[in-house]
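S.K.: A structural model of the following input is requested.
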Amino acid sequence: MFVTMMMMDQMLDLPPPLSNEVPMMHHVINGDVILVQVNPGETFTIRTEDGALQCIQGPAEVPMMSPNGSIPPIHVPPGYVSQVLEDNTGLRRVVVMPHSECYPPSYSPALSPSHHIHPPYLTHPHFIPASHTSYYPPVSPGDVPPHQFYQHRLPPIYPEEIIPLYNISTFMGHEEYCKPPPKKLKQPVERTSLSQVTSPLSNSYKNTTACTTTANGYGKSHSSPGGGGGGGGGSPGNKRPDRRVSNVQSRSALVSWTSVSVSGSSGRVPSCGYELQLKDKGRDGKYKVVYSGEELQYTLNDLRPATDYHVRVSTVCNSVKGPSSDARAFTTHSDPPDTPLPPRLSHRTKSSLTLQWKPPADNGSKITNYVLEWDEGKKNSIFREYYVGHQRHCKVMRLCPAVGYTFRVAALNDIGTSGFSTEVLFYTTGSLPQTSLPPRLVQTGPSWVTLEWTRPNSCSTEEVVTYTLEMQDETKGLDFQAVYSGLELNRKVESLRRNTQYKFRLIICSGEWCSAPSSLLVCKTTPDRPGPPVNPAVNTVTYHSFCVTWEPPQDDGGSGDLTYVLEISEGNSEGVSEVYLLCLLNVLLVQCSDDLTVCTHIPPPGRCQPPSIVGNVKHREMTLQWDGPLCGEESENVEFSLEMCAMEEGSEPTEVYCGCKAECTVGNLLPGTTYRFQVRAANSAGYGPYSESVEISTAAGPPGQCSPPAINVTSHTCAEVTWEVSRRESSGIDISEYRLDWGRDLDSLELVYSGTETYFQISNLEASTDYCCRLQAVNQAGAGPYSDLVTCQSPAAAPDVVSGFRLVDHPLNPTESEPFSHSTSLALTWDEPHCNGAEMTSYSISVGDSIITTGNVTCHIIRDLLPDSEYSLQIRAENEMGPGPFSQTLTVRTRPLPPSPPRLECAAVGPQSLKLRWGFSSRSQLTEDTTYVLQMEDRNQRFVVVYRGPSHTFKLQRLSESSRYRFRIQAVSEAGEGPFSETYTFCTTKSLPQTLKAPRVVQLEGNAREVTWESIPPMRGDRISYVLQVLGGREADYKQVYKGDETSFQLSGLQWNTDYRVRVFACRRCADTLQELCGSFSPSAHFNLRRSDATLAVEADVTRVPMGSTLTDEQFAGLMVFGVASLSVLMAFLLQLLI
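M.R.: Below you'll find the model as predicted:
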């Protein structure tokens, strides 16, 4: 037998069998039972006959059977000892514990040798090595107590680490297991490798079949004989990818594997893929492909918590699948429990509810507590905790009777809390209801009755009351049968027999109590509707009557007392009637019998009523209406014929209407004439007699259309209209008035005259305008039609007065040849007047005593006037008809002469600036509002404005050195813009070299020093030279020691222990003028020549103000600004604190 035990990440091994032992026995006839105790936190691993590993987690006792009663030796790790304990029943136990303890921690008093223990049995398979001395198979699983059965659970994988088991030749397969991490442990516990376990087993297997071990999570695998060769043609051969499992969670895990190099027959590397297979039903389960691709890792999702899984990988190249790798086993982590089912009610009283619930799936971690919450009967969806514990039942006390309470439950384990179950509502029992009143009858029918009842007053509104309605059917017996049980206060009992008596009673139940039955309610169903009468027939049909016969219905509805109802529909125009036959039973109508169609004989229509007038009679038409025949023959098929006859002798009647309507309008009549009318009706049988005749006279009509009026235009503003009286359409009545409409077109006609005269004069006309008019006559009967439209045109006239005559600042049409001046010229404009039908030819402008004539324009410039003078102007327009009137007088004044330009001077010149100055002109007097415009010529030889304002000086900045600039100036006042001055040319000077930084002094050997300074590039082609000056000891003035183009100079012959200062400045040699421009001195550099000093101290010459000296204006202003700024900051800080 070979047994492996894992204790605190250690392995306990039983000795392997010898090679010369007999084969294993598959059956055991007699033997002793040996219990191997597994402590908490330990795992006992054995191998079955088929090679599968079985793990048993502690605390547990593993029963093993020995055929000869011997106990196998157990190899334990360092620090542990094995003990054999035997109780009074002869049962022996193998206990592995630390050397310092007397008994294992998990060995409870109930398992001590002094107590009788029923041996627990486990259902784990076994494997037995070939042995003739000892035989230890597991015992039968028939007597295993439930509390001693521990399910096999493979340990999960530590992060980035996999711990393999032994892999020994023929006894151990290629399985790999990982141990789960302890709860709430961030880092995996350090494990002792198999090679560090000191036992005789390590030497016993040195010469067995070769096996390899891979660290860092990769398991062991046997080296197969053909593993080194690859398949031909790019097949994977026997190469297997190595795989590992990491990042194991409760429902996911990451599987990764190493790539396999495969070479084809032609030397090319074929494309290979990998196929990952997974199973979770033990070694005998079927693998399922979960991934196929070229990646070297895959994340398994949707796993079950605390479940053992096996994975393996195979290589697929060119549709050829290689052998699968060794199976890798791992166990997913535990998870919070599943959501439990809602609790159920086991018992209830008026003040308590007893609830029970079933445990949900624990997902690998034992459930420690349950949480029961309730809403305290408030039904506000706010739950409070009532019970927390490991029990699966709870009794809720101190409740109100007949009140509903809502509960929900959740489960807890070491991992977390599950979700709450579905909310469930339970009611406590209520008080005993009083004897109920009998139900009341609401409505009855042939096969149903509707009953209702009331709620007892003794029951509260929150108490649940159940009503049971019982019925007695005398045809079935005298017992009452329940027909309804529920919470409603009414019920419709159906499936009853018609015209039958029933008895009902009511029982009220509240909680666990029920009232006595109520008094009886006796009711009877109504008879059903009878069937329709059969075989209806019609005979003896006349003009106005017919006879109907029928037979009784086959179903009388449960009652023999029948009443028949004969219905007839209204006949149509053809005399057809529909007959319906019904039966009456207890005033209930039933369905009709078959329809019968009866057609009576149609007689000719009777005499119609005489026609009558509708509305008012007009002079040329009238509307008449009449009633149909008096005998009721009117129908849709009746037609009417209306005849008309004039009262004059020899006139014959004429049919003026024939149709189905009893109304018509007769037109084309003569005004004031009497006519006779009569009407008759006709149907399919023929015409009926004429009605009585009636005489009707037309009304008098309005006058006829007038003759067109005559128009005589007397001037362009006046016209006379005359017309003649027409009597051919007077209709016998004198004309009361004439109406004259006048306008420019038909849409603008307006009434301008109404009277009895036959002429009218129209004034205020416009010249050269088209007009039209029409005439209408009116009498007592109304207004006649308008006459034909008459048109005319007024003659042309002189133009109207010119409006909008005004003075403008600038001419609308300026000309470059003649400049415009406000001092000697006036720019005038005006609005074009109405030409009155003749084209405009010219305009005349009156200037004092002279007249200026212009063309057909609306603007003009008057030149050669005196400056600062006042003029009175008038204008008139002229056309072909003559000149129009003058406009109103316009008084204007010319402006004074504009100022002359001042003389321009250059006040200051710099390398990049020019300050210009100008003075007053002696030729014109300038005012305070005079503005000066200074212009400078740009690169394109165009003058641009650089200054505009009242000042007399201006400084131009950012100019180029040694450059010429051209300027001109102009003076502008209220009188206008004066002329530009002549062009002035000014030139900028050349720039001085910039100030150099303080020179640097470098120590040389002895009393020599080297002075260096920065260089300046040439300025616009001019060379730069440098001048170096030295001040030593007590000398008062600097002495020049060097002048040249170099940027360094060596000083020699210096005196020891003497202070020296050096400074330098640059000079610009102008190539054109041979002038030398020198810049400012640089800051002085100080150095001291001492024998004891090892290094040279050089410092910049900083100018300091002596304490007793007077501050300059710039220094004083700086101090004032600093003081004011400090005071402002302090005040702002104080205000911030106050706010």
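S.K.: what about stretch 843-857, how long is it end to end?
M.R.: Taking Cα to Cα, to the nearest Å, stretch 843-857 runs 8 Å from one end to the other.
S.K.: For this structure, name the helix or strand with the lowest mean pLDDT.
M.R.: strand 211-212 (a mean of 30; mean pLDDT, DSSP states H and E).
S.K.: Any stretches of the stretch 351-500 of the chain with poor pLDDT?
M.R.: For the stretch 351-500 of the chain, the stretches with pLDDT under 70 are 431-435, 458, 460, 462.
S.K.: switch to 80 and redo it
M.R.: 402, 429-436, 457-464 (pLDDT under 80).
S.K.: What of the stretch 501-650 of the chain?
M.R.: Scanning the stretch 501-650 of the chain for pLDDT under 80 picks out 510-514, 539-545, 554-562, 564, 569-604, 619, 630-637, 648-649.
S.K.: And the strands in it?
M.R.: 501-510, 513-514, 521-524, 534-539, 547-551, 563-568, 576-585, 588-589, 596-599, 612-614, 622-625, 639-646 (DSSP state E, counting those that start in this stretch).
S.K.: Columns distance to Glu1035 on top of these, output as TSV?
M.R.: Quick note: C-beta positions are derived from backbone N, CA and C, even for glycine. What follows is the strands of the stretch 501-650 of the chain, written out as TSV (distance: least, Cβ to Cβ, whole Å):
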stretch	distance to Glu1035
strand 501-510	129
strand 513-514	132
strand 521-524	145
strand 534-539	160
strand 547-551	162
strand 563-568	153
strand 576-585	152
strand 588-589	149
strand 596-599	155
strand 612-614	144
strand 622-625	144
strand 639-646	152
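S.K.: What strands line up against the longest strand along the chain, and which way round?
M.R.: In the chain, with assignment by DSSP state E, the single longest strand is strand 1058-1069. Applying DSSP bridges, strand 1058-1069 is found paired with strand 1023-1032 (antiparallel), strand 1076-1078 (antiparallel), strand 1085-1089 (antiparallel).
S.K.: What residues sit buried inside it?
M.R.: Tyr1060, Arg1061, Val1062, Arg1063, Val1064, Phe1065, Ala1066, Cys1067, Arg1068, Arg1069 (16 or more other Cβ atoms under 10 Å).
S.K.: and the fourth one, what pLDDT?
M.R.: The reference is to Arg1063. Per-residue confidence (pLDDT) for Arg1063: 94.
S.K.: what's the distance between the residue nearest to it when sequence neighbours are not counted and Gln1050?
M.R.: Among residues not flanking Arg1063 along the chain, Ser1084 sits closest, at 4.4 Å (Cβ to Cβ, 6 or more residues apart in numbering). Distance from Ser1084 to Gln1050, counting by Cβ to Cβ, to the nearest Å: 18 Å.
S.K.: ok, now Arg398?
M.R.: From Arg398 to Gln1050 the distance is 111 Å (Cβ to Cβ).
S.K.: if we can go back for a sec, how about TSV for the strands of the stretch 501-650 of the chain, with distance to Val313 and mean neighbour count added?
M.R.: Formatted as TSV, the strands of the stretch 501-650 of the chain follow (distance: least, Cβ to Cβ, whole Å; neighbours: other Cβ atoms under 10 Å):
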stretch	distance to Val313	mean neighbour count
strand 501-510	68	20
strand 513-514	71	13
strand 521-524	82	16
strand 534-539	89	13
strand 547-551	94	13
strand 563-568	92	12
strand 576-585	89	18
strand 588-589	86	13
strand 596-599	92	14
strand 612-614	107	13
strand 622-625	106	19
strand 639-646	103	18
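S.K.: right, and these - which one's nearest Pro911?
M.R.: Among the strands of the stretch 501-650 of the chain, the nearest to Pro911 by Cβ to Cβ is strand 622-625 (113.7 Å).
S.K.: Please work out which residues outside that closest one touch it.
M.R.: The contact list for strand 622-625, computed with Cβ atoms under 8 Å, 6 or more residues apart in numbering, reads 611-615, 642, 662-666, 669, 677, 696, 698.
S.K.: Give me the buried subset of these.
M.R.: The buried subset of those (16+ other Cβ under 10 Å) comprises Pro611, Leu642, Ala662, Cys664, Val666, Leu669, Phe677, Ile696, Thr698.
S.K.: what's near enough to touch the third one?
M.R.: This points to Ala662. Per Cβ under 8 Å, 6+ apart, neighbours of Ala662: Gln625, Trp626, Asp627, Gly628, Phe640.
S.K.: Please repeat the previous calculation with a cut-off of 6 Å.
M.R.: Applying Cβ atoms under 6 Å, 6 or more residues apart in numbering, we find Ala662 in contact with Gln625, Trp626.
S.K.: next one: the first one
M.R.: Contact analysis of Pro611 by Cβ under 6 Å, 6+ apart lists Leu624, Trp626, Phe677, Val679, Val694.
S.K.: excluding its backbone neighbours, what's nearest Phe943?
M.R.: Using Cβ to Cβ, 6+ apart, the closest residue to Phe943 is Gln935 (4.0 Å).
S.K.: what's the following helix or strand after the host helix or strand of that neighbour?
M.R.: Per DSSP states H and E: Gln935 is located in strand 931-937. Using DSSP H and E, the helix or strand that follows strand 931-937 in sequence is strand 943-949.
S.K.: Nearest to Val403, out of the strands paired with strand 1058-1069?
M.R.: strand 1085-1089 (102.9 Å).
S.K.: picking up where we left off before, more crowded one of Ser1084 and Gln1050?
M.R.: Ser1084 (21 against 11; other Cβ atoms under 10 Å).
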